[in-house]
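[1] missing the sequence, but the structure's below:
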């Protein structure tokens, strides 16, 4: 029986090796998909390529990334004065709510506006927090 399967990603590593990645959400990884992925793995092994199946990020990372992705648009980018205030507020690790309050005091802007800028900066990696061990909250420790 002829099968058609188009993997999701082809990866060429710095060392020149090649790998193929299929993406399938864990709830959709049924018996048919498992069989197809096994056939793909064997075919790629035959030509010396690596193979893996990505089933998604573990919680709470997936939840945090989904939430922060809402702040990826340019309209949420903080203007230069707010950017500087948020960098100063989180120059040393601080709770998210404390850093937002400090930046709000410095800029005399509403902390809801400041929060939007801080979340945008978390998305763009201008600020950093542990997104893997707990859901992002006011108690999350943030730093530059």
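    It's in. Since we're looking at a predicted model, the values are computed, not measured. Numbers count the residues shown, from 1 in each chain.

[2] rest of the way, CA atoms for contacts and neighbours
    Noted.

[3] what about the most centrally placed residue in the chain, distance to residue 123?
    The C-alpha lying nearest the average C-alpha coordinate of the chain belongs to residue 65 (C-alpha atoms, centre = their mean; 4.6 Å). Residue 65 sits 8 Å away from residue 123, going by C-alpha to C-alpha, to the nearest Å.

[4] do residue 143 as well
    On the measure of C-alpha to C-alpha, residue 143 and residue 123 end up 13 Å apart.

[5] buried residues in stretch 112-125?
    Using 16 or more other C-alpha atoms under 10 Å as the test for burial, stretch 112-125 gives 114, 115, 116, 117, 118, 119, 120, 121, 122, 123.

[6] now do stretch 76-95
    Going by neighbour count (16+ other C-alpha under 10 Å), the buried part of stretch 76-95 is 76-78, 82-83, 85-90, 94-95.

[7] and it, how far apart are its ends?
    21 Å.

[8] List the contacts of that stretch.
    With contact meaning C-alpha atoms under 8 Å, 6 or more residues apart in numbering, stretch 76-95 is reached by 99-100, 102-103, 106-107, 114, 116-118, 120-121, 127, 138-144.
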